[in-house]
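>>> pasting the structure only:
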């Protein structure tokens, strides 16, 4: 701080000097990060999102291994070898491990959100239960969405057999999957995608278009994602995972150095970096056709950002609108890709899930609440399982699923 100013004045009727008065200059606080008006502004950061993702993956690996060992050494394995159970783990392994992994993820979310906040957790993540009978309307909307997309599916190339069919080989597995799909998965997925991921993307992407410099930065990240995805897609899955682990370790070291230097890691770097790693892992597992479409989309988006970076900065409202559209599309795409392995990476079912993700994310935008999307999600899954339950004669003829 500079030395204080000193003022000395004299009275006209006397030679006595007024004592010196020190006036401190006003303290100018550093400018805060500009957030687009109307954008989401959650208290968590890209680092928190990365931690939640790592907790989910680690917990899933741990609990799947435990469930695998328990089922293998019990009568539930029906004499299957470890290799056979590994190829077809079934719902007895998947459902308990996924449930416990989701619980661990929610616990991590709770700890990260409430760490520095005085507000209740559910209020912070936007949990607002609809009043009166509004909840019934959202459940009905989900059921209607399932019927409408069921008709759309007739026009799409939907394979008769999908990898997820292995979970419906007997009534016990079907009941387990129905319980998981209606009561557990919607809550966890809505909290992850619409509760945690979307607000971060909305804040980052609405800010992205406010200056040409930030648009150029976004263009660079998009191109990095496309290149990283290409490398991961060409490698074998084991090498792809190893490369992602190395990337995460380097990122963890960078974050540790920032924390040691008492600097908060920048969310403008952590969130795109997390998305890059996630896209790399997804690119390693999806089909060549799906990967080609996604890569072309990334390159087209990068080209558009490059053109926009050479134009004057748009108005704040326009920048916010562009960013929000991208945030909705990115969240919906991430939601669909997470289910890609269950659907055999077939683009028809993935397109249906992308539309479901769009509806759920737009509902989150309009209501600014996680709960309506959760109810729509539950209604959607309930209708699907109801049709399956009736069509297979109370899960007694599951072979009809592939007919």
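Perfect, thanks for sending it. Predicted, not measured: the structure shown is a model, and the values here were computed from it.
>>> helices of the stretch 201-350 of the chain, start to end?
212-234, 237-260, 267-283, 288-309, 316-338, 347-367 (DSSP state H, counting those that start in this stretch).
>>> residue 97 and residue 56 touch, don't they?
No - assessed by C-beta atoms under 8 Å, residue 97 is found out of contact with residue 56, at 11.6 Å. For the C-beta atoms, the positions are set from N, CA and C on the backbone; glycine is no exception.
>>> what touches both of the two?
Residues touching both residue 97 and residue 56 (C-beta atoms under 8 Å, 6 or more residues apart in numbering): there are none.
>>> picking that back up, and the helices of the stretch 201-350 of the chain, which is most packed in?
helix 267-283 (a mean of 21; mean count of other C-beta atoms under 10 Å).
>>> elements contacting that helix?
Judged by 3 or more C-beta pairs under 8 Å, 6 or more residues apart in numbering; DSSP states H and E, the packing partners of helix 267-283 are helix 46-72, helix 198-208, helix 212-234, helix 237-260, helix 316-338.
>>> if you average pLDDT over each of the ones you listed, which is lowest?
Among these, helix 237-260 carries the lowest mean pLDDT, a mean of 67.
>>> quick check: the closest residue to residue 391 other than its chain neighbours vs residue 91, distance?
Of all residues not flanking residue 391 in the chain, residue 400 sits nearest, at 6.0 Å (C-beta to C-beta, 6 or more residues apart in numbering). With the distance defined as C-beta to C-beta, to the nearest Å, residue 400 ends up 19 Å from residue 91.
>>> okay, those two: which has more neighbours?
residue 91 (22 against 11; other C-beta atoms under 10 Å).
>>> residue 177 is in contact with the more buried one, correct?
Yes - if you go by C-beta under 8 Å, residue 91 and residue 177 touch, sitting 5.4 Å apart.
>>> which neighbours do these two have in common?
By C-beta under 8 Å, 6+ apart, the residues touching both residue 91 and residue 177 are residue 167.
>>> which regions of this protein lie under the pLDDT threshold?
Applying pLDDT under 70 to the chain flags residues 1-35, 37, 75-79, 116-118, 237, 240-241, 244, 247-248, 250-271, 402-403.
>>> one more time with 50, if that's ok
1-16, 18, 21-33 (pLDDT under 50).
>>> related to what we said a few turns ago, need the helices and strands packed on helix 267-283 in a markdown table with distance to residue 394, can you?
Shown next, in a markdown table, are the helices and strands packed on helix 267-283 (distance: least, C-beta to C-beta, whole Å):
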| stretch | distance to residue 394 |
| --- | --- |
| helix 46-72 | 25 |
| helix 198-208 | 38 |
| helix 212-234 | 43 |
| helix 237-260 | 38 |
| helix 316-338 | 30 |
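>>> verify the contact between the residue nearest to residue 391 and residue 389 for me.
No - taking contacts as C-beta under 8 Å, residue 400 lies outside contact range of residue 389: 11.4 Å.
>>> can you tell me which residues contact residue 243?
231-232, 235, 280.
>>> now do it against residue 305, distance only.
Counting by C-beta to C-beta, the gap from residue 243 to residue 305 is 26 Å.
>>> got it, and residue 105?
Counting by C-beta to C-beta - residue 105 and residue 305 are separated by 32 Å.
>>> same question, residue 387
42 Å.
>>> check residue 119 too.
35 Å.
>>> repeat that for residue 51.
On the measure of C-beta to C-beta, residue 51 and residue 305 end up 28 Å apart.
>>> okay, now residue 176: neighbour count?
Neighbourhood size, residue 176 [other C-beta under 10 Å]: 20.
>>> any idea which element it lies in?
Using DSSP states H and E, the element containing residue 176 is helix 171-179.
>>> got the buried residues for the following helix or strand past that helix?
Beyond helix 171-179 in the direction of the C-terminus, DSSP H and E gives the next helix or strand as helix 185-189. Buried residues in helix 185-189, defined by neighbour count with 16 or more other C-beta atoms under 10 Å: 185-189.
>>> can you check stretch 166-182 too?
Under the neighbour-count rule (16+ other C-beta under 10 Å), stretch 166-182 has 166-168, 173-174, 176-178, 180-182 buried.
>>> now for the residues you listed: which two are most distant?
Pairwise distances across the buried residues of stretch 166-182 peak at 19.6 Å for 166 and 182 (criterion: C-beta to C-beta).
>>> how much space between residue 232 and residue 339?
Following C-beta to C-beta, the distance that separates residue 232 from residue 339 is 19 Å.
>>> quick check on residue 370: phi, psi?
phi -80, psi -30 (degrees, to the nearest 10).
>>> my bad, residue 41
phi -140, psi 70.
>>> residues near it, how many?
Using other C-beta under 10 Å, residue 41 has 13 neighbouring residues.
>>> could you number the chain from 545 rather than 1 from now on?
Understood, numbering begins at 545; the last thing we discussed is residue 585.
>>> I'd guessed it sits against residue 750; true?
No - judged on C-beta under 8 Å, residue 585 makes no contact with residue 750 at a distance of 9.9 Å.
>>> residues near residue 667, how many?
Neighbour number of residue 667 under other C-beta under 10 Å is 10.
>>> quick one, phi psi at it?
phi -70, psi -40.
>>> for residue 650, see how far away it is.
16 Å.
>>> now do residue 880
22 Å.
>>> kindly report the same for residue 755.
Where residue 650 is concerned, residue 755 sits at a distance of 37 Å (C-beta to C-beta).
>>> fine, thanks again, bye for now.
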